[in-house]
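J.: Kindly generate the corresponding structure for this input.
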Amino acid sequence: MNSQDFIWKQMSGPQGGLISTICFTDSIVFAGGINGVFRSTDNGDHWKFTGLASDEVKKITAIGDTIWAGTDRNGVYISGDQGLTWKKDNNGLPLNVSVVDMAVLDTFIFAATSGYGIFRRSVSDSNWTAVNTGIDNLDFRTIIASDSVIIASAAGASGSGMFRSTNRGEQWTRIDPDPYAWMADAICKYHDTLYAARFLNQAEVYISIDDGLTWSVPAGASPPNDIITNLYADHSGLYAGIYNNGIYRSSNSGISWTQINNGLYNYSPTHLNGKDGIVYYASYDGIKITSDFGTTWQQKNLGLTNSSISCINSVGESIFAGTNGAGLFYTTDLGATWNQITDSNVKPFIKSLINVNDTIFLASTDWTYNCRVIMSSDKGISWVQRNNGIDGGDITSIAWANDVLYASTSYGLFKSVNRGAAWTLMTSGLPNSGRPNVASVAAVDSIVVATDGESQIYRSTDLGEHWAAVSMPAGITPPIIKVSAINTTLYAGCSEVNVLFMSSDKGATWQTVGIPEFNGAVEDVTGNDDSLFIAVTYSGVIAKYGKSYGKLISSDIMNSDIRSVHYHNGHLWLGSWGAGIFRNIDSSEITYNLPANDLLKIPGSTFLKQNYPNPFNPSTIISFSIPRKTFVSLRLYDIIGRKVETLVFQEMPAGDHSLQWNGEKLPSGVYFYRLETDSFTETKKLLLLK
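T.: Residues are numbered from 1 along each chain as shown. Predicted coordinates for the structure are as follows:
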């Protein structure tokens, strides 16, 4: 099969992922995360992706049925149909602006930006206007409306500060609650009371009952532990999200606090909100809710395909996926269902995952960067720590060869000769007194190579006892961030330039490999001597067959930021940053809608039917018949003949076949679909109208 003919399917999990904002209308809940907007009509029991793939959504707000989404580096999007479809709403905004927060006051929308200050537009006007008079710092973090007042908090190179406007942003006044300039990531309102907290360790919660004009700390108040990142208040009390400490609740306006983490996994909340007595907690592992004041939390991730996948590997028939913030998951049914590993030794951020003769070695960490190596010899059921001797630093990768384990860390390079029971620091020949920041390590036989994350590779020929710098090709000095071993060939992936280094002599010499359609950092490499698959940020996956390189088709993949790739038993698994996992599928997994009484009918000739309905929005049925088992190609093209998507490229049985195609990611227009077999070719036209 040629690389461009892969057909991809997004897996149903791991579910969750980074959610940064939650917004409510009368009957709908919206969640924005690292990969677009999700929508729920049943209070979060089920979620459906509605758009803005590859956009990190920082804030969602609404007036009636009109929804706005502020994004990182792409400004604002607007939806006039309750979030079903989206279009850009950037008139008057700077190019590629990051909108970090939004607020609604009457019929006005306010957008707080990173570096450009505050912008305002009315519901009846499609243009944004900068409203920064009186503001001496344009790098904002949060904004909130309180009756007829707008309050915003800034922080950055030009200093922190809280600002207040009583005339819809026409003029602003600095109102820092104490003599020091403020950066308040956490601010909320309930009834007539505003709550705010400085971005400091063990900061008290300040209260204002005059729309932010004056602030005070209640007498006898004791701050919760660590930094307050989020605040939410309702009739049941004041809730504070705490950096790496989960959530606390106060029933007396912040005087005393009780930690309420029962049922939480990731203890670093990114957003708190609520409605009708239900509190929503968002983090890197999706959404959890409580209806009993935080006594228990329930996961609400069904349909949230928003996970960031850091690594993938297999043990037997099980596929394991490490995530950025949601921990470790596994599937035993080709990705149809996923199970989370709940062992307390497995931390939320998975850095590396390897299989050593069916024993799993894993590096994971939490927000404290207390990274650890753990091991499972029973396919992930139970885990034990294997960290003795690794004395600090963030573990970046693990490698195995010749019965030796290697761990690269931000504080040196370690090895273990007893399956991780004890580790020793390797220093001879390494820079920084043997304590370099090691980005990655790989091994072949007794040869070990490591990179410092800059432009240098170090090599050892004696199981890591002694090291020496290796000469790289002249004239190219990119940061080398990843080294990988495929059989006896070594690869070194770079960032910032379109180049991959390869060594066929176990790292003694290196050559550059020029790759077409390559634009990003090499994050992972897998394959064998005949086929190679390279995960590249923002470029998808590059495949090598023999001596030819090509980009895998990405029209079925909603996020081209691929960070991990794994090949197992004929399937290629892709781990994306923000859209979960994709896997190539074969003809047995294509859904055919055949009436029961037609299952045994064999057509007398090949025939391509007109799609139905036509015109359509957004899905239609394409049907065809083949009289015998044969290889079938069914592709979709745009009006100028460019291939848009491969729908079928597999050997298929004789019979009548139907499949549903969804064009929600494509613009309105005329498209063509073409059926090809070994003895038949026919093309028909379809019309997508949105």
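J.: residues touching the most centrally placed residue in the chain, list them.
T.: Computing the C-alpha centroid of the chain and ranking residues by CA atoms, centre = their mean puts Gly578 first, at 2.2 Å. Contact analysis of Gly578 by CB atoms under 8 Å, 6 or more residues apart in numbering lists Gly17, Leu18, Gly33, Ile34, Asn35, Ser54, Glu56, Asn306, Ser307, Ser308, Asn559, Asp561. Just so you know, the C-beta spots here come from the backbone N, C-alpha and C atoms, and that holds for glycine as well.
J.: While we're on the nearest residue to it once chain neighbours are set aside, how confident is the model there?
T.: Among residues not flanking Gly578 along the chain, Asn35 sits closest, at 3.3 Å (CB to CB, 6 or more residues apart in numbering). We note a pLDDT of 88 for Asn35 in this prediction.
J.: Is it correct that Asn35 is in contact with Ala579?
T.: Yes: Asn35 lies in contact with Ala579 (CB atoms under 8 Å); the separation is 4.8 Å.
J.: Give me the distance between the residue nearest to Gly578 and Trp577.
T.: As defined by CB to CB, to the nearest Å, Asn35 lies at a distance of 8 Å from Trp577.
J.: Among these two, which residue is more densely surrounded?
T.: Applying other CB atoms under 10 Å to Asn35 and Trp577 shows that Asn35 carries more neighbours, namely 28 against 25.
J.: Look up phi and psi at the more buried one.
T.: Asn35 adopts backbone torsions of phi -140, psi 50, taken as degrees, to the nearest 10.
J.: and it, what does it touch?
T.: Contacts for Asn35 (CB under 8 Å, 6+ apart) come out as Gly17, Ala53, Ser54, Asp55, Glu56, Asn306, Met558, Asn559, Ser576, Trp577, Gly578, Ala579.
J.: Apply 10 Å and report the result again.
T.: Contacts for Asn35 (CB atoms under 10 Å, 6 or more residues apart in numbering) come out as 17-18, 49, 52-57, 304-308, 558-559, 561, 576-580.
J.: How is the chain divided into domains?
T.: 185-306, 311-377, 388-514, 588-688 (automatic domain parsing).
J.: The closest residue to Met375 other than its chain neighbours and Leu138, how far apart?
T.: Leaving aside its chain neighbours, Met375 sits nearest to Arg386 (4.7 Å; criterion: CB to CB, 6+ apart). Per CB to CB, Arg386 is found 49 Å from Leu138.
J.: Repeat that for Ser27.
T.: 37 Å.
J.: Which one's more surrounded, the two?
T.: Neighbour totals were compared for Ser27 and Leu138, and Leu138 leads with 17 against 10 (other CB under 10 Å).
J.: how deep is the residue nearest to the more buried one when sequence neighbours are not counted tucked in, by neighbour count?
T.: Nearest non-adjacent residue to Leu138, counting by CB to CB, 6+ apart: Gly117, 3.9 Å away. Gly117 has 23 neighbours, counted by other CB under 10 Å.
J.: Mind pulling the model confidence for Gly117?
T.: You'll see Gly117 listed with a pLDDT of 94.
J.: who touches it in this structure?
T.: Contacts here follow CB under 10 Å, 6+ apart; on that basis Gly117 touches 94, 111, 130-133, 135, 137-140, 152, 154, 163, 169, 172.
J.: and if we set it to 6 Å?
T.: Residues near Gly117 by CB atoms under 6 Å, 6 or more residues apart in numbering: Asn132, Ile135, Leu138.
J.: Also Val217?
T.: Shown in contact with Val217 (CB under 6 Å, 6+ apart): Glu204, Tyr206.
J.: what about it, distance to Ala184?
T.: Val217 is 14 Å from Ala184, by CB to CB.
J.: again with Gln259
T.: Distance, Gln259 to Ala184, by CB to CB: 22 Å.
J.: and the two? which has more neighbours close in?
T.: More crowded of Gln259 and Ala184, by other CB under 10 Å: Ala184, with 27 against 16.
J.: Quick check: which element contains Asn301?
T.: Assigned by DSSP states H and E, Asn301 falls within no helix or strand.
J.: how about it, what does it touch?
T.: The contact partners of Asn301, taken as CB under 6 Å, 6+ apart, are Gln15, Gly16, Gly286.
J.: What pLDDT does the model give the first one?
T.: What that stands for is Gln15. 91.
J.: Tell me how many other residues crowd it.
T.: Number of residues near Gln15 (other CB under 10 Å) recorded here: 24.
J.: swap in the second one?
T.: By other CB under 10 Å, 33 other residues sit near Gly16.
J.: what's it in contact with, if anything?
T.: With contact set as CB under 6 Å, 6+ apart, Gly16 has these partners: Asp285, Gly286, Asn301, Leu304, Ser307, Ala326.
J.: Apply 10 Å and report the result again.
T.: Taking CB under 10 Å, 6+ apart, we find Gly16 in contact with 33, 265-266, 282-288, 299-302, 304-308, 323, 325-327, 329, 338, 340, 580.
J.: Neighbours of Gly44, how many?
T.: 24.
J.: let's have the chain start at 673 instead
T.: Got it, the first residue is 673 from now on, which makes the last one we talked about Gly716.
J.: Tally up the residues packed near the residue lying closest to Gly723 once chain neighbours are set aside, please.
T.: In this structure, Gly723 finds its nearest non-sequential neighbour in Trp758, 4.5 Å apart by CB to CB, 6+ apart. A count of nearby residues for Trp758, using other CB under 10 Å, gives 20.
J.: Report the separation between Trp758 and Thr713.
T.: Taking CB to CB, one finds Trp758 at 17 Å from Thr713.
J.: which residues does the nearest residue to Arg840 once chain neighbours are set aside bridge with?
T.: Among residues not flanking Arg840 along the chain, Phe780 sits closest, at 5.8 Å (CB to CB, 6+ apart). For Phe780, the beta-bridge partners under DSSP bridges are Leu777, Ser794.
J.: And for Phe1001?
T.: Applying DSSP bridges, one finds that Phe1001 bridges with Ala993, Gln1012.
J.: contacting residues for it?
T.: Residues in contact with Phe1001 (CB under 10 Å, 6+ apart) are 685-688, 979, 981, 991-995, 1009-1013, 1022, 1052, 1252-1253.
J.: Model confidence for it, exactly?
T.: 95.
J.: same deal with Ala1193?
T.: Model confidence at Ala1193, given as pLDDT, is 79.
J.: For it, which non-adjacent residue is spatially closest?
T.: Of all residues not flanking Ala1193 in the chain, Ser1167 sits nearest, at 3.6 Å (CB to CB, 6+ apart).
J.: next one: Ala1111
T.: Nearest non-adjacent residue to Ala1111, counting by CB to CB, 6+ apart: Gly1125, 3.4 Å away.
J.: give the contact list for that neighbour.
T.: Contacts of Gly1125 (CB under 10 Å, 6+ apart): 1068, 1080, 1082, 1108-1112, 1151-1154, 1167.
J.: What backbone torsions are found at it?
T.: Main-chain dihedrals, Gly1125, degrees, to the nearest 10: phi 80, psi 0.
J.: if I look at it, how far off is Leu1034?
T.: From Gly1125 across to Leu1034, the span is 21 Å (CB to CB).
J.: tell me which element Asn1104 is part of?
T.: helix 1103-1106.
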